[in-house]
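> Give me a model of this one.
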Amino acid sequence: MSSKLSELFFVVNKKINNYVSLIEELYDDKSVNLIRSLYLNDPESRNALYIGFGKRIVEKSEVFLTAKPLDILSLVCMTAEFADSPTECQEVAIIIYKHLKSENPLPYIMDDHGLALAEKTLTALSFFSSAMEKRWKYKGAPSPKYYRSASKLVFMKNGLNSIADHHEKWENFLSELFI
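Numbers count the residues shown, from 1 in each chain. Down below sits the predicted model:
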């Protein structure tokens, strides 16, 4: 095997191995072997497999999955039919994962700037919309509508147009699945 070919095989095999623990939680051993074989032998099937994994995660919502949360979130985001590309899904998954882990996922106009504000806004409007409403109604914070428009503008200015275009769709998609 040529060095380029073996290097490519290593990269592809490493990528499927990143998902193996999750796949093993979702499927039986025979299915895992078939999936691995399909993934390695048919590159055209990979996006369909990712979408299938995401749908399987959603279907098995009663099962507590212990694999990497970012992988789970990435695969679930791949099921969003409105997304323009797998890259958009991956970017949204990373944004949500990063800010759900943060000490305070709610955006603050005085403290958060640029992409931090946009990312926190997407996270907060997806998972904590009632908190955003309460801050606006009772504490004088900007309205959720203001935060959304600022977030969309920042995403556009930073070349993340598809996230800006689908901002409300991501909010609804994530809140429907996880709340």
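> okay, now the domains of the chain?
1-67, 80-179 (automatic domain parsing).
> For Leu38, the count of nearby residues, please.
For Leu38, the neighbour count with other C-beta atoms under 10 Å is 14. Placement of C-beta: from N, CA and C, glycine included.
> Spit out the contact partners of it.
45, 49 (C-beta atoms under 8 Å, 6 or more residues apart in numbering).
> Quick check: which element contains it?
Per DSSP states H and E, Leu38 falls inside helix 29-41.
> Need the residues that contact the next helix or strand after that helix.
Moving toward the C-terminus from helix 29-41, the next helix or strand (DSSP H and E) is helix 46-59. The contact list for helix 46-59 (C-beta under 8 Å, 6+ apart) reads 19, 22-23, 26-27, 35, 38-39, 65, 72, 74-79, 86, 177.
> Pull out the buried residues from helix 46-59.
46, 49-54, 56-57 (16 or more other C-beta atoms under 10 Å).
> what about that helix, distance to the chain center?
Its chain's average C-alpha position is 13 Å from that of helix 46-59, according to C-alpha atoms, centre = their mean, to the nearest Å.
> Now stretch 19-35: buried residues?
So for stretch 19-35, counting by 16+ other C-beta under 10 Å, buried means 19, 22-23, 25-26, 35.
> Now render these as TSV, adding distance to Ser129.
Shown next, in TSV, are the buried residues of stretch 19-35 (distance: C-beta to C-beta, whole Å):
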residue	distance to Ser129
Tyr19	31
Leu22	29
Ile23	33
Glu25	30
Leu26	30
Ile35	36
